[in-house]
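Chemist: Sharing a sequence plus its predicted fold:
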Amino acid sequence: MKAAEEPLLSGPPVVQGVQGRFLCEAFYREKVGGFRPKYDPELWRSTMSINMSPFMTIPLGGLVGWTLVLFVVGKIVPAVSPLLALGPQVHTVLGGALAFVLVFRTNTAYSRWWEARLLWGVVNNTTRSIVCRAPSMMKNEAAFTQMLTELMAYAVCLKNHLRGEKTTPDELGAMLPYPLVVTLSEAANPPLAAVQALSITMRAGVKTDSPPDALLANASYMQFSTALDALANTVGACERVKNTPTPFGYVAALRSFLLMWLFTMPLTLIGPYGFVAVPAMGLVGFLFLNLESMAMEIEQPFGDDADDLPLEEYCLGIERVLLDFLKRSPFK
């Protein structure tokens, strides 16, 4: 059989040529809009924002209300006034310890976020490495096109696997057949199933027609295998980040310490400052609770919070590279 007549090597048929997109751009752009946009670090205005998340509303409202109640009680019952004028020494010492624990908490959360970003960098770089070398190693356009289609399916399956979501037809373009994604999604681990499909396609699609190609076939497949190992290892590493949150005991101790420190601080402020202690506690509580809220959001970087990783944007970047190589395919 001539190379140009060879059928696709495995899986459902894919669309030949560069006609359309792997992904639905409107769907992905809408999702990207839910994440925090890029900002200019040299500008103050773009980085100065006050966000009151639901996570902060209850403790902050309770703190301000508690401070107001203590102030009113102090005015009505003068006998309790000495309790509202305690010295700040103990809170100063405990505040330093609390700040240290909060820094450790935020650094740990950021380390998880950054590790997740590096892992998606591995996906992006490995994909580029494969498509750069594949045209000289694959035997025909059908095999090359299917390999790129399965690479895109891997990225989509990994994104949705980490989000705990199912891939829907609405997010796919004409060049990424939904039946292929459904077949991969039937596996317990869809991105690993995509790696398996890629392995089959690469093994069958490596050039072996001429004697020189046959001599290089093993080396070519070994290069592909190394890249597939990187993609498979990335799945496990991303799952480790997702499934291993910060230890419960550490988070529980930190939040207990934080709330105890905040709710006892009015006893040191109401005496010397009077009603000013109410807005002052609101400000102090917002600053400290905001740090915990930030750490909570970024410690699970694969979600859809504003500061989580914009996985849809990464998938669009991968698609852009794949479409460019299809457009410049030497098989055309």
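Modeler: Received, thanks.
Chemist: contacts, neighbours, all on C-alpha from now
Modeler: Noted.
Chemist: Any figure for the gap between residue 291 and residue 40?
Modeler: 22 Å (C-alpha to C-alpha, to the nearest Å).
Chemist: ok, those two, which is more surrounded?
Modeler: The residue with more neighbours, out of residue 291 and residue 40, is residue 291; 14 against 9, by other C-alpha atoms under 10 Å.
Chemist: What segments of the stretch 51-200 of the chain are helices?
Modeler: Ranges of helices in the stretch 51-200 of the chain, per DSSP state H, counting those that start in this stretch, are 54-76, 89-137, 141-163, 178-185, 190-205.
Chemist: Can you list the helices and strands that the lowest-mean-pLDDT helix or strand in the chain packs against?
Modeler: Sorted by mean pLDDT, DSSP states H and E, the helices and strands of the chain end with helix 211-243, the least confident at a mean of 86. Judged by 3 or more C-alpha pairs under 8 Å, 6 or more residues apart in numbering; DSSP states H and E, helix 211-243 is in contact with helix 89-137, helix 141-163, helix 190-205.
Chemist: For stretch 153-168, what is the distance to the chain centroid?
Modeler: 12 Å (C-alpha atoms, centre = their mean, to the nearest Å).
Chemist: Let me see the mean pLDDT of that stretch.
Modeler: Mean pLDDT, stretch 153-168: 95.
Chemist: Please apply the same query to stretch 80-89.
Modeler: The model assigns stretch 80-89 a mean pLDDT of 86.
Chemist: still on that earlier bit, turn the helices of the stretch 51-200 of the chain into CSV, including distance to residue 170 and mean neighbour count.
Modeler: CSV is the format used below for these (distance: least, C-alpha to C-alpha, whole Å; neighbours: other C-alpha atoms under 10 Å):
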stretch, distance to residue 170, mean neighbour count
helix 54-76, 30, 16
helix 89-137, 23, 17
helix 141-163, 13, 23
helix 178-185, 9, 18
helix 190-205, 18, 22
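Chemist: And the ones you listed: which comes nearest residue 232?
Modeler: Nearest to residue 232 among the helices of the stretch 51-200 of the chain is helix 190-205 (6.2 Å), distances taken as C-alpha to C-alpha.
Chemist: relative to helix 178-185, how tilted is the closest one?
Modeler: 110 degrees (axes from the mean of the first three to the mean of the last three C-alpha atoms, to 10 degrees).
Chemist: Which elements pack onto helix 190-205?
Modeler: Applying 3+ C-alpha pairs under 8 Å, 6+ apart, we find helix 190-205 packed against helix 141-163, helix 178-185, helix 211-243.
Chemist: what separates that helix from the chain centre, distance-wise?
Modeler: Helix 190-205 sits 24 Å away from the centroid of its parent chain (C-alpha atoms, centre = their mean).
Chemist: again with stretch 313-327
Modeler: That offset, for stretch 313-327, works out to 19 Å (C-alpha atoms, centre = their mean).
Chemist: So what touches that stretch?
Modeler: Stretch 313-327 is contacted from outside by 17-18, 21-23, 25, 28-29, 32, 120, 124, 127-128, 131-132, 145, 148, 152, 155-156, using C-alpha atoms under 8 Å, 6 or more residues apart in numbering.
Chemist: The helix or strand following the least confident helix or strand of the chain to helix 89-137, inter-axis angle?
Modeler: Sequence-wise, the next helix or strand downstream of helix 211-243 (DSSP states H and E) is helix 248-264. Compare the direction of helix 248-264 with that of helix 89-137 by the same axes, to 10 degrees and you get 140 degrees.
Chemist: Show residues contacting the following helix or strand past helix 248-264.
Modeler: Remark: after helix 248-264, the chain's next helix or strand is helix 266-273, criterion DSSP H and E. The contact list for helix 266-273 (C-alpha under 8 Å, 6+ apart) reads 67, 70-71, 81-88, 276-277, 281.
Chemist: redo that, cut-off 7 Å
Modeler: Residues from elsewhere that reach helix 266-273 (C-alpha atoms under 7 Å, 6 or more residues apart in numbering): 67, 71, 83, 84, 85, 86, 87, 88, 277.
Chemist: and the last one, which of the three is it?
Modeler: When the structure is split into helix, strand and coil by DSSP: H, G, I helix; E, B strand; the rest coil, residue 277 lands in helix.
Chemist: quick one: contacts for it?
Modeler: Residue 277 touches 266, 269, 270, counting by C-alpha under 7 Å, 6+ apart.
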